[in-house]
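Enquirer: Have a look at this fold, sequence not included:
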């Protein structure tokens, strides 16, 4: 069962959420995932590079990693009492060869509909 989190419709990369006004700012929230590629994943990716085009094994790994970091950020926002996240961004850093950190971050806020 998934942990409760902020509704994804209440997350934006913009400075504000259209139709809502920010009534409280809780500060920066984040979700961090550190992943490595498996030996099998490396082999599959190497084989896909021979053919060329989209390396689906790595695309799927990246998408899942970003999804997990995003969900952790939403949970962190909820822990602070937020119902929305503005200025949301992703960042990625290779920590060591084959190991990547993906960070989802933004500003946790409480919003109310504009009347």
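Expert: Happy to help now that I have it. It should be emphasised that the depicted structure is a prediction, and the values quoted were computed from it without experimental measurement. Numbers count the residues shown, from 1 in each chain.
Enquirer: Next, the residue positioned nearest the centre of the chain: phi, psi?
Expert: Nearest residue to the geometric centre of the chain (CA atoms, centre = their mean): residue 70, 2.6 Å. For residue 70, the backbone dihedrals (degrees, to the nearest 10) come out as phi -60, psi -50.
Enquirer: repeat for residue 95
Expert: phi -80, psi -40.
Enquirer: neighbours around it, how many?
Expert: Look at residue 95: counted by other CB atoms under 10 Å, it has 11 neighbours. For the C-beta atoms, the positions are set from N, CA and C on the backbone; glycine is no exception.
Enquirer: repeat for residue 21
Expert: The tally of other residues near residue 21 (other CB under 10 Å) stands at 12.
Enquirer: now swap in residue 30 and tell me
Expert: 16.
Enquirer: give me the beta-bridge partners of it?
Expert: Beta bridges link residue 30 to residue 105, judged by DSSP bridges.
Enquirer: Quick one: residues contacting it.
Expert: Listed by CB atoms under 8 Å, 6 or more residues apart in numbering, the contact partners of residue 30 are 72-73, 76, 103-105.
Enquirer: Now the two most distant members of these.
Expert: By the measure CB to CB, 76 and 103 form the most distant pair in the contacts of residue 30, at 11.5 Å.
Enquirer: which of the two has more neighbours?
Expert: Per other CB under 10 Å, whichever of residue 76 and residue 103 has more neighbours is residue 76, with 23 against 18.
Enquirer: From residue 63, how far out is the nearest residue to that one once chain neighbours are set aside?
Expert: Of all residues not flanking residue 76 in the chain, residue 29 sits nearest, at 4.2 Å (CB to CB, 6 or more residues apart in numbering). In this view, residue 29 and residue 63 are 21 Å apart by CB to CB, to the nearest Å.
Enquirer: With neighbour numbers in mind, choose between the two.
Expert: Comparing residue 29 with residue 63 by neighbour count (other CB under 10 Å), the higher total belongs to residue 29, at 24 against 10.
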